[in-house]
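Asks: The following block contains a protein sequence and its predicted model.
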Amino acid sequence: MSALEIRGLEAGYGRTTVLQGLDLHVDSGVTAILGSSGCGKTTLLRAVAGFVEPTAGTIAVAGRPVVGGPRLVPARDRGIGYVPQEGALFPHLTVARNVAFGLPRARRRDAAAVVAEALQLVELDPSLAERYPHELSGGQQQRVALARALAPRPALVLLDEPFSSLDASLREETGRAVVRALRAAGAAAVLVTHDQGEALSLADQVAVMVSGQFLQVAPPASVYLTPADPRVAAFIGHATLLPGEVLADGRGRCALGEVALRPGGPAAGAARFAVRSEQLQVRPGGSADGVPGEVVDVSFFGHDATIRVRLASGEQVTARTPADSVPTAGDRVQVVVTGDVTAFGA
Ligand SMILES: Nc1ncnc2c1ncn2[C@@H]1O[C@H](COP(=O)(O)OP(=O)(O)OP(=O)(O)O)[C@@H](O)[C@H]1O
């Protein structure tokens, strides 16, 4: 039985349709909904949770229809845990009372045991139970919000950009802890994010959303290495898209010269090539390999750097290079492509 099954879902506000017929299947584990601001990620979560009424389609949670079935099941009866942006804990309640808040009446009598178990799941010290939210760090507050969502033992937890207010290091640590807690609780989760690193590192399945549609739903490595659409390639791999031509022998030609193509692409003729930044190597000007170009600018990150290069054709490409061999703006370089390039029909 799947934790969440969505078919042909349409939803919006007034006359505006935001979700344009979505299908999604979540068995278990974490599914990340990845997309840029305004594409409809929160609207999808709200439709699943029961805060937005869809105009078409069906939603089933743990095998039970909640939309498009015999009756529209209200939010409180869907058996879903919801972690909103920035946790939204009740400021006047202690951690323990926050966690116990959503428990059904029958389980409130042993609330202390449920709270202790939920705090253990999210790896929080039991001594924090009597603190108030303002006495916790941002990461601890997020874990309490998850403990509150997990306490009623839902089959499905929805998380809306849960780490967006945390700084980079805390974000990674909290993200991993949250995934461990979800797995330990046996709950499937749908995590909304616009951060591709977060989606790729935390999720078992990534659904890439653009304008209320899913362009690809697949495991992280597949959306990264074998994007189904040029927009997925540009969004996920920071790929440069170049016009070119597929040659008869399965190779391709573009402003980067002749390149090897990933099998299964379009037939010979005009095409678009997606080249990920780490597939491009920048060598000193005058090197034998590659095509010539001029460095436009460099962004240094410590562990590596990205280098924008203007090719002789006038097109610009972005290369990622180790931190110890970074050229400077204005340098003449040779750009070499490594590995297979993904081609899409023009
Ligand atoms: N209550 C509302 N009434 C009318 N339009 C809305 C409402 N909420 C959202 N929208 C619009 O619906 C579209 C999708 O919004 P949504 O919040 O789902 O996007 P999102 O992908 O979650 O964005 P973000 O990453 O910025 O949170 C946007 O164009 C937004 O302006």
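Replies: Sure, I can see it. The shown structure was predicted, so the numbers you read here are calculated from the model rather than taken from an experiment.
Asks: Could you export stretch 98-108 as PDB, CA atoms only?
Replies: Taking only C-alpha atoms (Å, rounded to 0.1, in the frame of the first residue of the first chain), the coordinates of stretch 98-108 have been written out as PDB:
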ATOM      1  CA  ASN A  98       3.700  21.400  22.000                       C
ATOM      2  CA  VAL A  99       4.400  17.800  21.200                       C
ATOM      3  CA  ALA A 100       1.300  16.500  23.000                       C
ATOM      4  CA  PHE A 101      -0.900  19.100  21.400                       C
ATOM      5  CA  GLY A 102      -2.000  17.100  18.300                       C
ATOM      6  CA  LEU A 103      -2.600  13.800  20.200                       C
ATOM      7  CA  PRO A 104      -6.000  12.200  19.900                       C
ATOM      8  CA  ARG A 105      -8.000  12.300  23.100                       C
ATOM      9  CA  ALA A 106      -7.500   8.500  23.800                       C
ATOM     10  CA  ARG A 107      -3.700   8.900  23.800                       C
ATOM     11  CA  ARG A 108      -3.500  12.000  25.900                       C
END
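Asks: residues in contact with it?
Replies: Outside of stretch 98-108, the residues within contact range by CB atoms under 8 Å, 6 or more residues apart in numbering are 81, 89-90, 93, 111, 114-115, 118-119, 129, 133, 144, 147-149, 151-152. Bear in mind the C-beta positions are built from the backbone N, C-alpha and C, glycine included.
Asks: Quick one: buried ones out of the residues you listed?
Replies: For the contacts of stretch 98-108, a burial check counting by 16 or more other CB atoms under 10 Å picks out 81, 89, 111, 114-115, 118-119, 129, 133, 144, 147-149, 151-152.
Asks: Around the ligand, which positions in the stretch 51-200 of the chain sit nearby?
Replies: Applying CB under 6 Å from any ligand atom, one finds that the stretch 51-200 of the chain approaches the ligand through H194.
Asks: 8 Å instead?
Replies: Along the stretch 51-200 of the chain, the residues adjacent to the ligand under the rule CB under 8 Å from any ligand atom are 85, 160-161, 192, 194.
Asks: Spatially central residue in the chain, please.
Replies: Central residue of the chain (CA atoms, centre = their mean): A199, 3.1 Å from the mean position.
Asks: Show me the contacts of stretch 98-108 that map onto helices.
Replies: Judged by DSSP state H, the subset of those located in helices is 111, 114-115, 118-119, 144, 147-149.
Asks: Tell me who's in contact with the residue in the stretch 151-300 of the chain positioned nearest to the ligand.
Replies: Distance from the ligand to each residue of the stretch 151-300 of the chain (CB to the nearest ligand atom) is smallest for H194, at 5.1 Å. Residues in contact with H194, defined by CB under 8 Å, 6+ apart, are 34-37, 41, 161.
Asks: sorry, back to before: neighbour-wise, which of the residues of the stretch 51-200 of the chain next to the ligand leads?
Replies: Ranked by the number of neighbours (other CB atoms under 10 Å), these place V192 first, at 24 neighbours.
Asks: SS state for it?
Replies: Following DSSP: H, G, I helix; E, B strand; the rest coil, we place V192 in the strand state.
Asks: Doesn't the residue nearest to the centre of the chain lie inside a helix?
Replies: Yes: per three-state DSSP, A199 lies within a helix segment.
Asks: OK, contacts around it?
Replies: Under the criterion of CB under 8 Å, 6+ apart, the neighbours of A199 are 32, 34, 191, 193, 206, 220.
Asks: Would you check how far apart the residue of the stretch 151-300 of the chain closest to the ligand and A145 are?
Replies: 19 Å (CB to CB, to the nearest Å).
Asks: next one: V295
Replies: Counting by CB to CB - V295 and A145 are separated by 45 Å.
Asks: what about the two, which has more around it?
Replies: For V295 against A145, the residue with the higher neighbour count under other CB under 10 Å is A145, and the figures read 26 against 20.
Asks: hang on, A233 packs against A274?
Replies: Yes: with contact defined as CB atoms under 8 Å, A233 and A274 form a contacting pair (3.6 Å).
Asks: shared neighbours, these two?
Replies: Residues touching both A233 and A274 by CB under 8 Å, 6+ apart: 227, 239, 241, 342, 344.
Asks: Contact residues of the stretch 201-346 of the chain facing the ligand?
Replies: Within reach of the ligand by CB under 8 Å from any ligand atom, the stretch 201-346 of the chain has these residues: 209, 212.
Asks: Name the nearest of the shared contacts of A233 and A274 relative to V61.
Replies: Within the set of these, P227 lies nearest V61; the separation is 29.8 Å, counting by CB to CB.
Asks: For the stretch 101-250 of the chain, just list every one of the helices.
Replies: With DSSP state H, counting those that start in this stretch, the ranges of helices along the stretch 101-250 of the chain come out as 111-121, 138-150, 168-185, 196-202, 220-225, 230-236.
Asks: Can you give me the domain assignment for this structure?
Replies: When the chain is parsed into structural domains using the TED database, the resulting residue ranges are 4-226, 238-345.
Asks: Please identify the most buried of the ones you listed.
Replies: Mean neighbours per residue, mean count of other CB atoms under 10 Å, is largest over the domains of the chain for domain 4-226, with a mean of 18.
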